[in-house]
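Chemist: Pasting a predicted model and its sequence here:
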Amino acid sequence: MAEHDLEGELDAFLAGHQAELVDFRRDLHAHPEIGYHEFRTTRRIKLRLEAAGLRPIVLPKGTGLLVDIGSGSEPVVGLRADLDALPISDEKNVPYRSTVANACHACGHDVHTTVLLGAGLVLARMSAAGALPGRVRLIFQPAEEVPCGALDVLAAGGIASVDRVFALHCDPRLDVGKIGTRVGAITAACDKITVRVTGPGGHTARPHLTADLVYALGKIITELPAALSRRVDPRSSLSLVWGRVNAGAAANAIPDDGIVEGTVRCLDDEAWHAAPDLLKALIDSVASAYGVVADLSYVRNVPPTVNEAISTAMVEAAADRVLGSDAIVSAPQSLGGEDFAWYLESIPGALARLGTRTPGSGADFDIHQPAFDVDERAIGVGVRLMVATALTAMGGAGSAAAEPLPGAAIA
């Protein structure tokens, strides 16, 4: 297959497999599985890859899988999709509506998975024809929503030999056929904090004889977000927003215990790493002023997803080639979290937005909503982009040595 005929090869593949891919996506949509329960999904992908002559390796926990396509030690390009659904009900009136109670592909992971499968089938055909100038590792990752299935992939050595890694995420704000790109942070870190405040308790008639715990808790709630705005570079977009607070059971009793929970979001990697220590110091300073003890629980979720400039340029060059320059638009930053960020903490890469809205449609399907759906033409767009991105990166990836996956066959 000559390189200049990539567009023709993609046209021919999609003409023969578009219906299969749509059916595959609809089957996944009708049978969603939440994080670490993607056994059926994993099995279906594995069987289809094996039918194409590949030898996928299931991850140690039994969900998710890896497969190498091509030969040689370099360059190695990673392409990643996430498999899991959300624990919400599907409220669409469509034939492929979820058949599983309280489980729904409301974030487009069924599309991501189908796109990567389609791209893998194209790349396997290229490899069999001797036209793949390197090696591609398909990463079908479990538990993105839990999170962090990405850490399981890293622990299994899934990117130890990969030079660059790429992923797509459905975007219902973009028309189908459009690709959103951005250099730098495209999604935010998203962590959970819990502050538990304790004191001796007492009567509301005599707050001076005890520690006014509710007042102190209120000070923590109001002063922490304000203090952060003066202690952190505002360009980092470090944001603390509270979501739950609870203290006391009677109007005339000062309680001895109270709790507040919230999320910390951030677009800057350095600020994200520094956030726990900074928050602890601020909380301790407020608590000590009012004679209470504050205990901080800071649960890491995901880092910010920071797209590398060269990798982003590769995605844009690939989109220009197989979709046209007018397909590329600037993607806004999101304060949502995405565990693809863990890969980018280790190797360069980029996450791009895949438009899924029908052009001219008045429908407004946001992700994580029970009525979320996509224009399924996005599947073909995603296949074209992922294949072209892998080939582009093979021409510009680094020279790090790479070991094949154990048992990974070359299609």
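Modeler: Right, received. Where do you want to start? Numbering: from 1, shown residues only.
Chemist: Restricting the selection to alpha carbons, write the helix or strand harbouring Arg43 to PDB.
Modeler: According to DSSP states H and E, Arg43 maps onto helix 39-51. This file holds the C-alpha atoms of helix 39-51, laid out as PDB (Å, rounded to 0.1, in the frame of the first residue of the first chain):
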ATOM      1  CA  PHE A  39     -15.500  -8.600  30.800                       C
ATOM      2  CA  ARG A  40     -18.000  -8.900  28.000                       C
ATOM      3  CA  THR A  41     -16.600  -5.800  26.300                       C
ATOM      4  CA  THR A  42     -13.000  -7.200  26.600                       C
ATOM      5  CA  ARG A  43     -14.000 -10.600  25.200                       C
ATOM      6  CA  ARG A  44     -15.700  -9.000  22.200                       C
ATOM      7  CA  ILE A  45     -12.700  -6.900  21.300                       C
ATOM      8  CA  LYS A  46     -10.300  -9.800  21.800                       C
ATOM      9  CA  LEU A  47     -12.300 -12.100  19.500                       C
ATOM     10  CA  ARG A  48     -12.500  -9.500  16.800                       C
ATOM     11  CA  LEU A  49      -8.700  -8.800  17.000                       C
ATOM     12  CA  GLU A  50      -7.900 -12.500  16.900                       C
ATOM     13  CA  ALA A  51     -10.100 -12.900  13.800                       C
END
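Chemist: The helix or strand that that helix is followed by pairs with which strands, parallel or anti?
Modeler: Remark: after helix 39-51, the chain's next helix or strand is strand 57-58, criterion DSSP H and E. Strand 57-58 sits in its sheet next to strand 65-70 (antiparallel), going by DSSP bridges.
Chemist: So for the strand it pairs with, what gets flagged as buried?
Modeler: Using 16 or more other C-beta atoms under 10 Å as the test for burial, strand 65-70 gives Leu65, Leu66, Val67, Asp68, Ile69, Gly70. For glycine as for every other residue, the C-beta is placed from the backbone atoms N, C-alpha and C.
Chemist: Please apply the same query to stretch 89-102.
Modeler: By neighbour count on 16+ other C-beta under 10 Å, the buried set for stretch 89-102 is Asp90, Lys92, Tyr96, Ser98.
Chemist: again, but for stretch 175-189
Modeler: Buried residues in stretch 175-189, defined by neighbour count with 16+ other C-beta under 10 Å: 175-183, 185-189.
Chemist: for the helix holding Arg43, packing partners?
Modeler: With contacts taken as 3 or more C-beta pairs under 8 Å, 6 or more residues apart in numbering; DSSP states H and E, helix 39-51 sits against helix 6-30, strand 65-70, helix 109-128, strand 135-141.
Chemist: now the helices: where do they sit in the protein?
Modeler: 6-30, 39-51, 109-128, 149-155, 213-231, 269-289, 309-322, 341-344, 377-394 (DSSP state H).
Chemist: in the fourth one, what's buried?
Modeler: Spelled out, it's helix 149-155. Neighbour-count burial for helix 149-155 [16+ other C-beta under 10 Å]: Gly149, Ala150, Asp152, Val153, Leu154.
Chemist: and the third one, what pLDDT?
Modeler: What the model reports for Asp152 is a pLDDT of 97.
Chemist: Could you number the chain from 646 rather than 1 from now on?
Modeler: Shifting the count to begin at 646 puts that one at Asp797.
Chemist: Please tell me how far it sits from Ala696.
Modeler: 26 Å (C-beta to C-beta, to the nearest Å).
Chemist: Report how many residues lie close to Thr843.
Modeler: 17 (other C-beta atoms under 10 Å).
Chemist: so what's it up against?
Modeler: Leu858, Asp901, Asp902, Val937, Val938, Asp940 (C-beta atoms under 8 Å, 6 or more residues apart in numbering).
Chemist: doesn't Gly936 make contact with the first one?
Modeler: No - with contacts counted by C-beta atoms under 8 Å, Leu858 stays clear of Gly936, the gap being 9.1 Å.
Chemist: In terms of neighbours, single out the busier of these two.
Modeler: Leu858 (27 against 13).
Chemist: pLDDT at the residue nearest to the more buried one when sequence neighbours are not counted, what is it?
Modeler: Among residues not flanking Leu858 along the chain, Gly844 sits closest, at 4.3 Å (C-beta to C-beta, 6 or more residues apart in numbering). Note for Gly844: predicted pLDDT of 97.
Chemist: For Gly844, grab the count of nearby residues.
Modeler: Around Gly844 there are 23 other residues, counting by other C-beta under 10 Å.
Chemist: ditto for the one 3 residues further on
Modeler: Gly847 has 18 neighbours, counted by other C-beta under 10 Å.
Chemist: Can you give me the distance of the residue nearest to it when sequence neighbours are not counted to Pro705?
Modeler: Once flanking residues are discounted, Gly847 sits nearest to Thr855: 3.2 Å by C-beta to C-beta, 6+ apart. According to C-beta to C-beta, Thr855 and Pro705 sit 53 Å apart.
Chemist: which of these two has more neighbours?
Modeler: Thr855 (17 against 10).
Chemist: got the phi/psi numbers for the more buried one?
Modeler: Main-chain torsions, Thr855, degrees, to the nearest 10: phi -140, psi -160.
Chemist: before we move on, the earlier item: which residues do Leu858 and Gly936 both contact?
Modeler: Joint contacts of Leu858 and Gly936 (C-beta under 8 Å, 6+ apart) are Gly844.
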